[in-house]
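Q: Give the three-dimensional model of this entry:
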Amino acid sequence: MFLRNAWYVAAWSSEIGDGLHPMTLLGEPVVLYRKPGGAVVALEDACPHRKLPLSMGRLQDGQIECGYHGLTFDCSGSCVRAPGMARIPPAARVRSYPVEERYGLVWIWMGSAQQANADTIFAVEEWGDPAWGMNQGDAMTLACNYLYVTDNLLDPSHVAWVHPSSFGNAACESEPLKTTVTDDGVVVSRWMRDVDVAPFYARFVFLMNSYNFMTPIDESNTRYFWFQMRNFDQRDENVSRQFNEDVRHAFEEDRVILTAVHAGMANRRTPNLDLPLDAGPLRFRRSLQRLIDAQTQAQEPAALERVR
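A: Predicted structure coming up:
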């Protein structure tokens, strides 16, 4: 189950250029493209006739022509041309998804379009502030459920074993964690005083805010996006390059672990064990499940009305 009434990152803005860009988001086939003016459009990637992916068709003047029988759809998902028919069938339309571009990312709303509000996109407070530099991030596909990624991000202790050459060292093994549940999320934190600094941080003295966004592809795969903001050498491309390489290396270490975790949990023969360090991840899961349950309950009356 996914929370659909939320903004997700679909792609880096630079990934959406000329042509059609198919992808799967929350188990749904979606095709992204740019209108002649440059704005991004997101449509259901399935012609309503025989469900051929529209991404197998042609993009012409901001409209998609299906590659099977030429049904053509505009940016709103409405069919504007049906060759050989005197009248366009009323059911000849595809779903259109609200889309926004912000922070160099393409954001998509996967739920009810009426509830989409761009003001609720996650705020990056340092964005545009000359006191902060940016490490242009990257993206990778993880062969695991997205909840294992949130578990990982809400578990600072794992860096001692997974990232001993980058984000962690022996000093990270036993520092106590504090879990705080807020109105809009869960925060896991800890102070580390009078300890050796981990290798990634040892070369510099700085503040860094790392922004990590995950979008479920389906129940078993996740698209992971990230970038970092730092308060030193804001325009130094060499520093940005080094940060990017080091962060990518660390996240590749995470990918190996999370792929194996997903496979192990999917095929477990005995119950898994939760530890005290799982308090933050488990609280996040419970909070998310409450939102998903509320979303499902809100949809049920509408579904019942359609059946009647």
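Q: chain center to the least confident helix or strand in the chain by mean pLDDT, what's the gap?
A: Sorting the helices and strands of the chain by mean pLDDT, DSSP states H and E puts helix 279-307 at the bottom, at a mean of 84. Using CA atoms, centre = their mean, to the nearest Å, the mean C-alpha position of helix 279-307 is found 19 Å from that of the whole chain.
Q: Stretch 151-171 now?
A: 22 Å.
Q: Next, the residue lying farthest from the centre of the chain: secondary structure please.
A: Distance to the chain centre peaks in the chain at A86, reaching 42.7 Å (criterion: CA atoms, centre = their mean). The three-state label given to A86 by DSSP: H, G, I helix; E, B strand; the rest coil is coil.
Q: how about stretch 78-87: buried residues?
A: C79, R81, A82 (16 or more other CB atoms under 10 Å). To be clear about C-beta, it is placed using only N, CA and C from the backbone, and glycine gets the same treatment.
Q: do stretch 167-176 as well
A: Within stretch 167-176, the residues scored as buried using 16+ other CB under 10 Å are F167, G168, N169, C172.
Q: What pLDDT is listed against C172?
A: C172 carries a pLDDT score of 89 in this model.
Q: With E219 instead?
A: Per-residue pLDDT puts E219 at 98.
Q: Dump the buried residues of stretch 78-87 to TSV, plus distance to E101.
A: What follows is these, written out as TSV (distance: CB to CB, whole Å):
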residue	distance to E101
C79	26
R81	28
A82	32
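Q: Sort out which of the residues you listed are in helices and list them.
A: Judged by DSSP state H, helices contain none of the buried residues of stretch 78-87.
Q: In TSV: those, plus distance to A91 and pLDDT.
A: Output for the buried residues of stretch 78-87, formatted as TSV (distance: CB to CB, whole Å; pLDDT from 0 to 100):
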residue	distance to A91	pLDDT
C79	9	98
R81	15	97
A82	11	97
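Q: domains for this protein, by residue range?
A: 7-119, 130-288 (automatic domain parsing).
Q: which of those domains sits most buried?
A: Ranked by mean neighbour count, these are led by domain 7-119 with a mean of 17 (mean count of other CB atoms under 10 Å).
Q: what pairs with S78 across the strands?
A: R93 (DSSP bridges).
Q: Settle this for me: it is touching P90, isn't it.
A: No: in this structure S78 lies outside contact range of P90 using CB atoms under 8 Å: 10.3 Å.
Q: thinking again about what came up before, can you tell me which of the buried residues of stretch 167-176 are in helices?
A: Secondary structure from DSSP H places none of the buried residues of stretch 167-176 in helices.
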